[in-house]
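In: Here is the input, now give the coordinates:
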Amino acid sequence: MTARIRVALVDDQALFRAGIRMLISSQPDLEFVGEAANGREAILLAVSARPDVMLMDIRMPELDGIQATAEIVQAAADAAGSGPRIIVLTTFDLDESAARAIRAGASGFVLKDADPEFLLAAIRTVHAGNAVIAASATRRLFEEFRAAPDAVPQPMAFAELTPREREIFLLAARGLSNAEIAAAEFLSEATVKTHVSRILTKLSLRDRVQLVVYAYENALVD
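Out: The predicted structure follows:
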């Protein structure tokens, strides 16, 4: 039997937490493992509950979701572990906070008024190692990271990728799925997945959303 995805929630509104708890608990492949009301509690929860995915509100008392995300991601890196995938929950379609959360290490963001089915799909998608960004905001979000073409030199690590890896990197940076990359490059999906994994390792990136940020920050995409 496949292990259930362990999900934790961080939000300062008790009623919202209750609704999300019920939604997650209704799914046979998901397990609700804990909740917190602020960023400081979230950091402790990440350690004690060991969730696979954390849903993180941005605006909370004591410590906001952006700083909590950064500390959780850094703690996992320091411990040489994977840590939880973090989905930021936001009220707004796109604001500067969402971009900061992605930079801090979140694997994407979902609007608080999204359909329940979308949130559940987002949890499963992020757990599988992919990024989730509210569709209407994707392009505008990554424009937040865009550098002028002549503003930064090409990173040494990128130059060390093989020609095939660079091709796949650029396709992934434009938002293509593994299946779409496989069709474009005449490869199997398994081969593409292997290439993407190697690219992330070589560039010291956490996941595909960080890959896209890297591409924009280093002016590697148009």
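In: Show me where this protein has its helices.
Out: Counting by DSSP state H, residue ranges of the helices within the chain are 14-25, 39-49, 65-78, 96-104, 116-127, 138-143, 156-159, 163-173, 178-185, 189-202, 208-217.
In: what about the protein, any weak spots by pLDDT?
Out: Judged by pLDDT under 70, the chain has its weakly predicted residues at 1, 92-96, 131-152, 222.
In: just checking, Ala101 touches Ala68?
Out: No. Applying C-beta atoms under 8 Å as the test, Ala101 and Ala68 come out as separate, 9.9 Å apart. Placement of C-beta: from N, CA and C, glycine included.
In: Now do the shared contacts for these two.
Out: Contact with both Ala101 and Ala68 is made by residues Met56, according to C-beta atoms under 8 Å, 6 or more residues apart in numbering.
In: closest to Leu55 out of the helices of the chain?
Out: helix 14-25 (6.7 Å; C-beta to C-beta).
In: Return the closest one as PDB; C-alpha atoms alone will do.
Out: In PDB, the C-alpha atoms belonging to helix 14-25 read as follows (Å, rounded to 0.1, in the frame of the first residue of the first chain):
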ATOM      1  CA  ALA A  14      -9.100  28.800  13.300                       C
ATOM      2  CA  LEU A  15     -12.200  28.500  11.100                       C
ATOM      3  CA  PHE A  16     -10.000  28.300   7.900                       C
ATOM      4  CA  ARG A  17      -7.800  25.600   9.500                       C
ATOM      5  CA  ALA A  18     -10.900  23.600  10.500                       C
ATOM      6  CA  GLY A  19     -12.100  23.600   6.900                       C
ATOM      7  CA  ILE A  20      -8.800  22.600   5.400                       C
ATOM      8  CA  ARG A  21      -8.300  19.900   8.100                       C
ATOM      9  CA  MET A  22     -11.700  18.300   7.100                       C
ATOM     10  CA  LEU A  23     -10.900  18.600   3.400                       C
ATOM     11  CA  ILE A  24      -7.500  16.800   3.700                       C
ATOM     12  CA  SER A  25      -8.800  14.200   6.100                       C
END
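In: Relative to Ile5, how far out is the nearest residue to Ala14 once chain neighbours are set aside?
Out: In space, and not counting its chain neighbours, Ala14 is closest to Ala37: 7.6 Å by C-beta to C-beta, 6 or more residues apart in numbering. Shown here: Ala37 relative to Ile5, a distance of 22 Å by C-beta to C-beta, to the nearest Å.
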